[in-house]
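Undergrad: Predicted model and sequence follow; I will ask about them next.
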Amino acid sequence: MPASASCAVRTANAYAAAFYPTYIRASGVGWALGVGRAGAVIGPGIGGIMLAEHLSRQSLYYLSAIPELVAFAALLVLLRLSHAKAADRPQSKAALPFAH
């Protein structure tokens with residue numbers, strides 16, 4: 001599961017770079033990186049608490065899947081917003097392939 005969490009954070013960072021307008025892009029990407037770092041700091045502590053509670057392996061697996069599902073849902077929302085934003089933007093002739 002850590003591999004998919006890492007992938008979700010990297011994908012969110014890439015989308016953040018494309019999602020925010022140029023004048024606030026650095027702030028948007030900085031926030032995305034900060035949220036990823038916060039998860040990297042908090043995650044092991046939560047894992048330690050779950051282990052200290054002597055939860056079953058199945059419970060540990062299901063509980064650790066929750067952040068993965070939240071990240072997946074957030075990426076879907078971000079993808080939908082970026083597509084809606086792109087559809088609202090007028091395209092110039094230079095952006096169209098084979099435009100003369």
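TA: The structure has been received and is ready for your questions.

Undergrad: pLDDT at the residue nearest the centre of the chain, what is it?
TA: Note on the chain: the residue nearest the mean C-alpha position is residue 12, at 3.2 Å, using Cα atoms, centre = their mean. On pLDDT, residue 12 comes in at 72.

Undergrad: List the contacts of it.
TA: 32, 35-36, 71, 74-75, 78 (Cβ atoms under 8 Å, 6 or more residues apart in numbering). Glycine gets a C-beta too; all of them are placed from N, C-alpha and C.

Undergrad: And those residues, which of them are buried?
TA: By neighbour count, with 16 or more other Cβ atoms under 10 Å, the contacts of residue 12 hold 32, 35-36, 71, 75, 78 as buried.

Undergrad: Now tabulate those residues in CSV and tack on secondary structure and pLDDT.
TA: Shown next, in CSV, are the buried ones among the contacts of residue 12 (DSSP: H, G, I helix; E, B strand; the rest coil; pLDDT from 0 to 100):
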residue, secondary structure, pLDDT
32, helix, 81
35, helix, 82
36, helix, 80
71, helix, 80
75, helix, 79
78, helix, 77
